[in-house]
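Asks: when you get a sec, could you give me coordinates for this:
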Amino acid sequence: MCKKKWILIGLSAVLFISGPFGLISEGIAKKSLSFWNMPFVTQEVSPEYVIQWEKDVQTALPDFTVDNFYGPGKYKDQRDKFLLQAKSGTPDVIEGLLEDTAVYVQKGLIEPLDSYFNSWNEKGQFIESTLAPLRINGKLYGLPYNTNARAMVYRKDIFEKHGLAVPKTWDELIQTARKITELTSKKTFGFYVCTEVGGPRAAQEFISWYYQVSRRQNMFEVVNGNIKFNATVDQLEKVLTLYDELFKDATFPACDPNVRGTGWPVEDPGYVAGKWAMAPMGPWLWGRRTESSIAKDILENRTAITRLPYSSDGEPATYLEVKPIMMNAYSKDKAGAWKLIQYIVSKEKMANWLVDSGGIPARKDSTDMDVFEKAGVQWWMKGFANELPISVTMAPVNWGPVSEANLRAVNFVIYDKKTPREAAQWLYDRITELKKNNEL
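Replies: Below you'll find the model as predicted:
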């Protein structure tokens, strides 16, 4: 009797787990994965694309469910939250900035991908120059999905209407921007530049100007684990003088003084709404053409792309952006996380993501797909790709405190708290202190 009783209990348990068809249900069998990425939250890609992505991932990874919470949004918020909770195992995969990678490596929060990548038969499709910045201490810590060089977008209709020449130097930029502000009676300010302390775009724009005065030399060099600080007070003063001139109190300033201390959430929607005639920019702005009929018209019909104006005693240079997809070192399912990464950076998904947002793929076979031509975005991609030969990647250091110091110096100047020289000396001393305290 006892033996029969246990047999019946066992059969009941099997039926309970198996369901009416004798198989474990799909919902119970599936494993869960999470993916944080800013563009899905901030609409740098369209909501329609995200919906399609979510449908496609169910087909591509049938044994997994991918959480549709894509993180806290802004890169700073995403980075700060990941630094706090990565050891919980969530998210399994994270998209981010190249500047974030070194910080995550330093903290031991992301997994080297060499063993996964080297055994993947598609590794040869990735453009080597986009992989190189993600190799730290000889290990590959992310796969690139997007690359671009910072350029400048401008309202060609305004320039044509008033017979203005596109500025090539900083002096020409300041004078042309002031003229546009005057000609439009401040309805459209001539220029916009990010100045938000802690804002990633502000940090990237600052470093673009620095690369020009340094003649494409990195602010730091890392050799055998030792960090060398290359910037001089004179170079930093030149960059800070540019910000001072752009916001200088005048009847018709180049930049709107009411947007001092702001970042990309003001820069991008402001441009597509017609508030500024020129702005440093990357290809992601294309994704905003669906926001309104005005945005669509400005981006598709009234915008052109040109090189960032450069310092007359420097040389043309710009920031090179490489956006990586990284694996959490504490993921509870690294094999599953790798499958998700392969899906994200696959030929088709990379192309479809970037044709929606206007980015430049990090894969050769993605770049060759005809979806870009069909979408009418080839000219847009080419405008930014033209700047790749003069672009510079940021050195693999902890950029968080450095970028904060850079932008604090900018704010000292634009709010008239310090002269450009005083702010430059403060900035030089601050970064020297960070290096001395091993905070880089």
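Asks: need the helices for the stretch 251-400 of the chain, in chain order.
Replies: Assigned by DSSP state H, counting those that start in this stretch, the stretch 251-400 of the chain shows helices spanning 264-272, 293-301, 334-344, 347-357, 364-367, 371-374, 378-385, 399-414.
Asks: swap in the stretch 51-200 of the chain?
Replies: Under DSSP H, counting those that start in this stretch, the stretch 51-200 of the chain gives helices at 75-85, 98-106, 114-118, 128-131, 156-162, 170-183, 200-213.
Asks: so how far is the third one off the chain centroid?
Replies: Okay, so that is helix 114-118. 24 Å (CA atoms, centre = their mean, to the nearest Å).
Asks: same thing with the fourth one?
Replies: The chain centroid and the centroid of helix 128-131 are separated by 16 Å, computed with CA atoms, centre = their mean.
Asks: try stretch 101-118
Replies: Put simply, stretch 101-118 sits 18 Å off its chain's centre (CA atoms, centre = their mean).
Asks: so for it, mean pLDDT?
Replies: The average pLDDT within stretch 101-118 is 96.
Asks: contacts for that stretch next, please.
Replies: 79, 82-83, 86-87, 94, 96, 123, 133-134, 136-137, 139-143, 324, 326-331, 334, 337-338, 341, 396-400 (CB atoms under 8 Å, 6 or more residues apart in numbering). C-beta: built from backbone N, CA, C; applies to glycine.
Asks: same question for stretch 63-82.
Replies: With CB under 8 Å, 6+ apart as the criterion, stretch 63-82 contacts 29-38, 40-42, 54, 57-58, 91, 94, 96-97, 100, 103-104, 109, 198-200, 265, 336, 339-340, 400.
Asks: what segments of the stretch 1-150 of the chain are strands?
Replies: All strands of the stretch 1-150 of the chain, identified by DSSP state E, counting those that start in this stretch, fall at 31-33, 35-36, 64-66, 93-95, 135-136, 139-140, 143-149.
Asks: nearest to A304, of those?
Replies: Closest to A304 of the strands of the stretch 1-150 of the chain, according to CB to CB: strand 143-149, at 16.1 Å.
Asks: what's in contact with the closest one?
Replies: 95, 113, 117, 126-127, 129-131, 134, 282-284, 318-325, 341, 344-345, 350, 353-354, 357, 359-362, 384-385, 387-388, 390-391.
Asks: next one: stretch 29-48
Replies: 50, 53, 61, 63-67, 69-75, 78, 82, 90-96, 284, 287-288, 290-291, 333, 336-337, 340, 344, 353, 356-357.
Asks: so among these, which ones count as buried?
Replies: Using 16 or more other CB atoms under 10 Å as the burial test, those include 50, 53, 61, 64-66, 70-72, 74-75, 78, 82, 90-96, 284, 287-288, 291, 336-337, 340, 344, 353, 356-357 as buried.
Asks: which residue would you name as the spatial centre of this protein?
Replies: L97 (5.0 Å; CA atoms, centre = their mean).
Asks: from P420, how far off is that residue?
Replies: As for L97, its distance to P420 is 27 Å (criterion: CB to CB, to the nearest Å).
Asks: cool, and V50?
Replies: 43 Å.
Asks: then I390?
Replies: From I390 over to P420 (counting by CB to CB), the distance is 25 Å.
Asks: so these two - more neighbours on which side?
Replies: Taking other CB atoms under 10 Å, I390 and P420 do not tie; P420 has more neighbours (21 against 18).
Asks: I figured that one hits L240, correct?
Replies: Yes: the criterion here is CB atoms under 8 Å, and P420 meets it with L240 at 4.0 Å.
Asks: same for the biggest strand by length in the chain, what does it pack against?
Replies: As assigned by DSSP state E, the longest strand anywhere in the chain is strand 318-327. Packed against strand 318-327 by the contact rule (3 or more CB pairs under 8 Å, 6 or more residues apart in numbering; DSSP states H and E) you find strand 93-95, helix 98-106, strand 143-149, helix 200-213, helix 334-344, strand 391-392.
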